[in-house]
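Asks: Sequence and computational prediction follow.
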2 protein chains.
Amino acid sequence: MTEASGHEGQPSPPTPRVRLVDVAREAGLSKTTVSAALNGTGRLSPAVRERARETARRMGYRPNATARHLRAGRARLIGYVVGGAPDALWTYLESPYFARLTGATAATSLLRGYAVVLLPAGTLQGEWSDLSLDGVIVADPVAGDTVIEDLLAAGIPVFSDRSVEGRPGASWVDVDAEGAVREALDHLREQGARRPVLVVPDIATRFHVEVEAAHRAWCAAHGLPELAVRVAESGNGPVVRAVETALDTPEGAERPDALLVVAEASPPLVLEAARRYGYEVPDDLLVVLVSEDATALYTDPPVTTLSLRPEAVAEAGVEHLVAVLEHGRREPAGTLVPTRLDVRASSVRSGRGE
Amino acid sequence: MTEASGHEGQPSPPTPRVRLVDVAREAGLSKTTVSAALNGTGRLSPAVRERARETARRMGYRPNATARHLRAGRARLIGYVVGGAPDALWTYLESPYFARLTGATAATSLLRGYAVVLLPAGTLQGEWSDLSLDGVIVADPVAGDTVIEDLLAAGIPVFSDRSVEGRPGASWVDVDAEGAVREALDHLREQGARRPVLVVPDIATRFHVEVEAAHRAWCAAHGLPELAVRVAESGNGPVVRAVETALDTPEGAERPDALLVVAEASPPLVLEAARRYGYEVPDDLLVVLVSEDATALYTDPPVTTLSLRPEAVAEAGVEHLVAVLEHGRREPAGTLVPTRLDVRASSVRSGRGE
DNA sequence: CTGAAAGCGCTAACAT
DNA sequence: ATGTTAGCGCTTTCAG
């Protein structure tokens, strides 16, 4: 039962908000005094401070944030854009990786005193120039992303995961693609794999480009065949089809004995695909997925995943941006986030030593 | 190659931003004229207008959004909070429903000229009172949610999906729970189900409370047994266990012949659970999931889903909020969004007429 | 057709 | 210890 209940209902005109002057007048004090009292600054007698506070409370005073921001010279607002894909403006949130990256970015920002504004993927600065953003975080830019150029040209501090190395004002965070590939392939090899096949999206994101390079290098170094299938589109449909392509070997040909999928795909669906093609996991096929999808824990067998650690990426990114924003750091800095392999039954050769 | 390349690099002091006065001075005009020229307002000679624009461009002038907002009296910013759960501050993004609701809210807002600020779930107004939000959207409040009370008390226009009926200033949107349950159960009954079992979260969200009521009513009306299992926690693990509970009937007892899951769960995992308990889908068990999870399309068989239409919910919500914000509408308005049943093979009795 | 000046609501020097 | 005043950067009457 709020104040506006029953017959007494406020008349239509949107109640003019109580301003600092109003409180000051009412309390018989000056703006300064009330402001100081409310902000805990200055030296005021406890009595006056209390009177100001009480009056403000009674009148339902709430400071105007915009005015404060104008005064302060910043709005404590950080923009968040995902690079590339201007075709999929918002769907990135539906991928577990981005869902967690986004949440973690918002969480870390808030800890540092900034709120996050969601921006549509791949849009340029011009489309939201009327927002008072102190800085912008660009997640997952593709090579030569216009978003970044745009922001840099506008002089807005930018942090971008993946590398924008060397651009002044553009700190970066990068997932350690090379380490990720090496760790996953080493693990598969230890488990006996000799014909691992890689499934990777065919896009210009720095991470994926590096993954391919690392894979090539690893295969050469270990004298194993370089088996890879590229996925043109993202999404479960295309990725699962790519997995099928990878597993569907011609009659009599040697079959792959391990699968490393570096594209967001539903773990249970990948397992199902493997079964459809007559593989037993992990007996005939070891499976490792680069994924943040929690369902990996609940499949039978549970699926080994390689986490890109979105929380760590977000944290490092916000940290860099805040460093620029608050201490005016100019020299670009960077962080390389190591991935984490969560070994589960899908990639552990069974019937050995157990 | 931006201007700051090479040896010429700007010295450290963060470049003082170009202001309107600076442009005016440089162009030999007044602030007024330049402002008018840039905003396309007022009656200026084309020559002057062009001169002002050119100078602004040359100097890299970008208007200060905060100052504009102060002047305009609003920041064109909408807050977005998810109700309840202060334990899971950000994880809501990982659910397909909320991922899409969030994206759609941001998209619709932008179309109406507002940007969306992500707020941690279940937090109160006091924790982000230093943000200049014109309004707030509260998604999925639980009964008697403090977030709502808090906002209403503060006089901030609130829209909330699910109902907050009767509160002045609090328009609402509600998913048609009753229709959803009826549509799903009618469908299952038409397909021959006589012992459908409902799996539903045990939480006070209005939607879920209504689902239970509707289920009870439907069972009574059709003279079918009221079978239901409640899930204490959310997440794939608990939901799958609840599904197992629902399917794991004592030896000799009658088994359920249809499953209606009204909790976000991974479609392939639910299918897998059914198989583990010896059910063939759809032959022994018809399955309908309330879910926005895209994997439902790719399972074998594809799973029938009941969509809560997050895009429609978001659209209606933003529409209501903007109506309050821009036309000062006071009388609370509401929208009831119908759900959509996407019938796929998992709920169609096979071997009949085909 | 253009410019001077007021003021959005707040905070912080600078008096008193 | 408290009040006066300037000013953050912009838009917009209102004179000229």
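Replies: Sure thing, it's come through. Residues are numbered from 1 along each chain as shown, chains lettered A, B, ... in the order given.

Asks: Dump the C-alpha coordinates for the lowest-mean-pLDDT helix or strand in chain A into CSV.
Replies: When each helix and strand of chain A is scored by mean pLDDT, DSSP states H and E, strand A:158-161 comes last, with a mean of 74. Output of strand A:158-161 as CSV, limited to C-alpha atoms (Å, rounded to 0.1, in the frame of the first residue of the first chain):
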residue,chain,number,x,y,z
VAL,A,158,38.7,1.5,-26.0
PHE,A,159,39.4,-1.8,-24.6
SER,A,160,39.1,-4.8,-26.9
ASP,A,161,39.5,-8.4,-26.1
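
Asks: what comes into contact with that strand?
Replies: A:83, A:101, A:135-141, A:148, A:151-152, A:164, A:169-175, A:313, A:317-318, A:320-321, A:324 (Cβ atoms under 8 Å, 6 or more residues apart in numbering or on different chains). For the C-beta atoms, the positions are set from N, CA and C on the backbone; glycine is no exception.

Asks: Weed out the non-buried ones from those residues.
Replies: A:83, A:101, A:135-141, A:148, A:151-152, A:164, A:169-175, A:313, A:317-318, A:320-321, A:324 (16 or more other Cβ atoms under 10 Å in any protein chain shown).

Asks: Now intersect those with the helices, please.
Replies: A:101, A:148, A:151, A:152, A:313, A:317, A:318, A:320, A:321, A:324 (DSSP state H).

Asks: What distance do you get for residue A:175 to residue A:137?
Replies: Distance of residue A:175 to residue A:137, given as Cβ to Cβ, to the nearest Å: 15 Å.

Asks: Could you list the residues of chain A in contact with DNA strand C?
Replies: Within chain A, the positions near DNA strand C by Cβ under 7 Å from any atom of the strand are A:17, A:19-21, A:31-32, A:35, A:38-39, A:41, A:63-64, A:67-68, A:70-72.

Asks: Now the helix or strand hosting residue A:178: buried residues?
Replies: In the assignment (DSSP states H and E), residue A:178 maps to helix A:177-190. Neighbour counts over helix A:177-190 (16+ other Cβ under 10 Å) mark A:177, A:178, A:180, A:181, A:182, A:183, A:184, A:185, A:187, A:188, A:189 as buried.

Asks: And for residue A:228, the neighbour number?
Replies: 18 (other Cβ atoms under 10 Å in any protein chain shown).

Asks: would JSON lines of the buried residues of helix A:177-190 with distance to residue B:50 and pLDDT be doable?
Replies: Output for the buried residues of helix A:177-190, formatted as JSON lines (distance: Cβ to Cβ, whole Å; pLDDT from 0 to 100):
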{"residue": "A:177", "distance to residue B:50": "49", "pLDDT": "94"}
{"residue": "A:178", "distance to residue B:50": "53", "pLDDT": "95"}
{"residue": "A:180", "distance to residue B:50": "54", "pLDDT": "96"}
{"residue": "A:181", "distance to residue B:50": "55", "pLDDT": "97"}
{"residue": "A:182", "distance to residue B:50": "59", "pLDDT": "97"}
{"residue": "A:183", "distance to residue B:50": "60", "pLDDT": "97"}
{"residue": "A:184", "distance to residue B:50": "59", "pLDDT": "98"}
{"residue": "A:185", "distance to residue B:50": "61", "pLDDT": "98"}
{"residue": "A:187", "distance to residue B:50": "65", "pLDDT": "98"}
{"residue": "A:188", "distance to residue B:50": "65", "pLDDT": "98"}
{"residue": "A:189", "distance to residue B:50": "67", "pLDDT": "97"}
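
Asks: which one of those residues is nearest residue A:257?
Replies: residue A:188 (8.6 Å; Cβ to Cβ).

Asks: Quick check: closest non-adjacent residue to the closest one.
Replies: Leaving aside its sequence neighbours, residue A:188 sits nearest to residue A:258 (Cβ to Cβ, 6 or more residues apart in numbering or on different chains; 4.4 Å).

Asks: go on, residue A:210?
Replies: residue A:177 (3.6 Å).

Asks: Do I have it right that the one you found meets residue A:214?
Replies: Yes. Residue A:177 is within contact range of residue A:214, at 5.9 Å (criterion: Cβ atoms under 8 Å).

Asks: so where is the stretch 201-350 of chain A shaky, pLDDT-wise?
Replies: Applying pLDDT under 70 to the stretch 201-350 of chain A flags no residue at all.

Asks: And the helices in it, which stretches?
Replies: Per DSSP state H, counting those that start in this stretch, the stretch 201-350 of chain A carries helices over the ranges A:206-222, A:236-247, A:267-276, A:310-327.

Asks: Any idea what the residue nearest to residue A:188 is bridged to?
Replies: Note on residue A:258: beta-bridge partners residue A:196, residue A:286, judged by DSSP bridges.

Asks: State the number of residues packed around residue A:251.
Replies: A total of 4 residues lie near residue A:251 under the criterion other Cβ under 10 Å.

Asks: Actually, residue A:60.
Replies: By other Cβ under 10 Å, 14 other residues sit near residue A:60.

Asks: Which helix or strand contains the residue nearest to it when sequence neighbours are not counted?
Replies: The shortest distance from residue A:60 to any non-neighbouring residue, by Cβ to Cβ, 6+ apart, is to residue A:18 (6.0 Å). Taking DSSP H and E as the definition, one finds residue A:18 inside no helix or strand.

Asks: In this structure residue A:18 contacts residue A:59, no?
Replies: Yes. Here residue A:18 reaches residue A:59: they are 5.0 Å apart, a contact under Cβ under 8 Å.

Asks: out of these two, which sits in the busier spot?
Replies: Higher neighbour count among residue A:18 and residue A:59: residue A:18, with 17 against 14, using other Cβ under 10 Å.

Asks: In contact with the more buried one, which residues?
Replies: A:59, A:60, A:61, A:62.

Asks: ok, now residue A:310?
Replies: A:97, A:98, A:100, A:101, A:104, A:292.

Asks: Share the number of residues neighbouring residue A:78, please.
Replies: Residue A:78, neighbours per other Cβ under 10 Å, totals 28.

Asks: what does residue A:72 give?
Replies: For residue A:72, using other Cβ under 10 Å, the count is 12.

Asks: Can you give me the domain boundaries for chain A?
Replies: A:20-63, A:77-175+A:311-338, A:177-308+A:341-347 (automatic domain parsing).
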